[in-house]
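Q: For reference, the sequence and a predicted model appear below.
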Amino acid sequence: MKPSKLMMALLAAAGLCLAGGGHAQTMNKDQRDMAVKSADAQYKQDKAACDGLSGNAKDICVEEAKGRLKVAKADANAAYLNTPKARENARDARAEATYEVAKEKCDDAGGNARDVCMKEANAAYVKAKADAKVDRVAADTRKDSAEKTADARREAAADKRDADYKVAIERCDALAGAAKDACVRDAKARYGKT
């Protein structure tokens, strides 16, 4: 298999992994701890399965096992924390795992083909990390934007209420005595003024 086809397959696999990673369920601390323990147990099984291999095939197998462990732990943490930064860290872990496996697979090639394979692996890694950062910044911006929008709406509602109150008080000025007092009291009650 040519390195470029290998990298295309790795990128496609990474894309599929990333597509599912953004919609992780939230979990509590106990669930996260269980997920981490499960990942550790799975890692031991995966690593033991690599013992029957030798050479670069074993190296690839071990890197895949390490990558699955790292990704599972990062995904569990992202689901527990449920923050844009934690989701970015999970995507970074996935990118690093994919990169480490790709580097091992590049060892099967030689000369310029290996160099090209390594450059492609590095480029895919850099792109995946950059995409994760962009998504985190966008999520932070949406959160900030939503907070700013909510603040602006509260402020606008208060301004509207004050304006309506001033109109009501102005109408009360046309009255006199007990009628004016009742009008002012009603305006204060209606617009939340004390």
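A: Perfect, I can see it now. Numbering: from 1, shown residues only.
Q: helices or strands up against the helix or strand containing Ala113?
A: Taking DSSP states H and E as the definition, Ala113 sits inside helix 111-172. Helix 111-172 makes packing contacts with helix 3-21, helix 84-106, helix 177-190 when contacts are defined by 3 or more Cβ pairs under 8 Å, 6 or more residues apart in numbering; DSSP states H and E. Backbone N, C-alpha and C define where each C-beta goes, glycine included.
Q: Mind giving me the packing neighbours of the last one?
A: Judged by 3+ Cβ pairs under 8 Å, 6+ apart, helix 177-190 is in contact with helix 111-172.
Q: quick check: angle from the helix it packs on to helix 84-106?
A: Following axes from the mean of the first three to the mean of the last three Cα atoms, to 10 degrees, one obtains 170 degrees for the angle between helix 111-172 and helix 84-106.
Q: Number the residues from 38 up from this point.
A: That works, and once the first residue is 38, the last one we named lands at helix 148-209.
Q: How far off centre is helix 148-209?
A: Centre-to-centre, helix 148-209 and its host chain are 13 Å apart (Cα atoms, centre = their mean, to the nearest Å).
Q: Rounded mean pLDDT for it, please.
A: Predicted confidence along helix 148-209 averages 86 (mean pLDDT).
Q: In which helix or strand does the closest residue to Asp83 other than its chain neighbours reside?
A: Using Cβ to Cβ, 6 or more residues apart in numbering and skipping residues adjacent in sequence, the residue nearest Asp83 is Ala102, 3.7 Å away. Take DSSP H and E as the rule and Ala102 turns out to sit in helix 92-118.
Q: Specify the angle between that helix and helix 121-143 in degrees.
A: Computed by the same axes, to 10 degrees, the angle between helix 92-118 and helix 121-143 is 170 degrees.
Q: Just the buried residues of helix 92-118, please?
A: In terms of neighbour count (16 or more other Cβ atoms under 10 Å), helix 92-118 has its buried residues at 96-118.
Q: pLDDT wise, what is the residue most central in space within the chain at?
A: Most central residue of the chain, judged by C-alpha distance to the mean C-alpha position with Cα atoms, centre = their mean, is Arg124 at 3.1 Å. Arg124 is assigned 94 on the pLDDT scale.
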